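In: Starting from these lines, generate the structure:
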Amino acid sequence: MADGSKIEWTEATWNPVTGCTKVSPGCAHCYAETFAERFRGVPGHPYEMGFDLTLRQERLELPLAWKQSRLIFVNSMSDLFHELVPFEYIQSVFATMVRAENHNFQILTKRANRAASLASELPWPPNVWMGVSVENQRWATRVDYLRQIPAMVRFLSCEPLLGPLRLDLGGIQWVIAGGESGPGARPMKEAWVVSLRDQCQDQEVPFFFKQWGAFNCEGRRVGKSRAGRLLRGRFWNEVPVSRGAPAASD
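Out: Take a look at the predicted model:
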């Protein structure tokens, strides 16, 4: 958890909360739940309670011990704005992020309405990024809530991308897209990804293509590693300006 991440758009993960509950179709095959439930009932294991929501107070100040600057995904194994996370605990997480100013923190939620309702009572230093998940058009309303949050970098995670999206990206600084992997994965159509990339280019928003997932661009199930990350012959690794000028890899 402290030393790195296999997630392509971040460098490390920090989980002061673990466990969650499903709220929309993107949660159906949650990798975090699958991982955590493997260890339910194992005495002494960090996930002895499986994917039950758990406040990990012993981890609250962990980033303060990391001297080298990192891009840190907050709660890869939960949702900071879950309704069962007390506001006082959320404040404690933010207090650590304020103190750890050498890092950039990426918060991602599906509970955009709660995040927006609490935003005015939380600090938003430049190193705290705020994102929402948008898996299909039904949940594009989360973007409107995100725009209400005064984060310097607001981003969208369109993963797993489960349908075409038409988005107003005003006030959004980054878009990530990707397909679903693992058992029960649902295929992502190339046209959906290309349309999203084109919208980002038209609206001058950095675009990051994370992966095809279990299915390749032709809709054949070949596995995540074989499907890869190429979109029409190139990688798309654009990042927000605060991490350097956005530029796609060749």
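In: where does the protein have low pLDDT?
Out: Residue ranges of the chain with pLDDT under 70: 1-4, 242-250.
In: Which stretches in it count as strands?
Out: Using DSSP state E, the strands assigned to the chain run over residues 12-14, 17-18, 54-55, 71-74, 104-109, 128-133, 154-158, 174-178, 207-211.
In: Now render the ones you listed as JSON lines, adding distance to Glu238 and mean neighbour count.
Out: Placement of C-beta: from N, CA and C, glycine included. What follows is the strands of the chain, written out as JSON lines (distance: least, CB to CB, whole Å; neighbours: other CB atoms under 10 Å):
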{"stretch": "strand 12-14", "distance to Glu238": "20", "mean neighbour count": "23"}
{"stretch": "strand 17-18", "distance to Glu238": "29", "mean neighbour count": "24"}
{"stretch": "strand 54-55", "distance to Glu238": "35", "mean neighbour count": "19"}
{"stretch": "strand 71-74", "distance to Glu238": "14", "mean neighbour count": "23"}
{"stretch": "strand 104-109", "distance to Glu238": "15", "mean neighbour count": "24"}
{"stretch": "strand 128-133", "distance to Glu238": "15", "mean neighbour count": "26"}
{"stretch": "strand 154-158", "distance to Glu238": "11", "mean neighbour count": "24"}
{"stretch": "strand 174-178", "distance to Glu238": "8", "mean neighbour count": "25"}
{"stretch": "strand 207-211", "distance to Glu238": "5", "mean neighbour count": "23"}
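In: Those strands: which one's closest to Val193?
Out: Among the strands of the chain, strand 174-178 comes nearest to Val193, with 5.6 Å by CB to CB.
In: Roughly how far does the residue sitting furthest away from the middle of the chain sit from Met49?
Out: Ranked by distance from the centre of the chain (CA atoms, centre = their mean), the top residue is Pro43, with 29.9 Å. Distance, Pro43 to Met49, by CB to CB, to the nearest Å: 11 Å.
In: same thing with Ser225?
Out: Counting by CB to CB, the gap from Ser225 to Met49 is 32 Å.
In: and what of Glu8?
Out: 29 Å.
In: Over to Ile90?
Out: Taking CB to CB, one finds Ile90 at 21 Å from Met49.
In: okay, these two: which has more neighbours?
Out: Between Ile90 and Met49, counting by other CB atoms under 10 Å, Ile90 is the more crowded of the two (21 against 15).
In: residues contacting that one?
Out: Residues near Ile90 by CB atoms under 8 Å, 6 or more residues apart in numbering: Leu80, Phe81, Leu118, Leu122.
In: Would you check that Asn216 makes contact with Lys224?
Out: No. The criterion here is CB atoms under 8 Å, and Asn216 misses it with Lys224 at 10.0 Å.
In: How about the residue nearest the centre of the chain, nearest residue that isn't a chain neighbour?
Out: Closest residue to the average C-alpha location of the chain: Leu108 at 4.5 Å, with CA atoms, centre = their mean. Nearest non-adjacent residue to Leu108, counting by CB to CB, 6 or more residues apart in numbering: Gly131, 4.4 Å away.
In: Kindly report the same for Pro164.
Out: Trp192 (4.9 Å).
In: Please determine how far that neighbour is located from Ser133.
Out: When Trp192 is compared with Ser133 (using CB to CB), they lie 15 Å apart.
In: contacting residues for the residue lying closest to Val205 once chain neighbours are set aside?
Out: Nearest non-adjacent residue to Val205, counting by CB to CB, 6+ apart: Leu169, 4.8 Å away. Each residue near Leu169 by CB under 8 Å, 6+ apart is listed here: Val175, Gln199, Cys200, Gln203, Val205.
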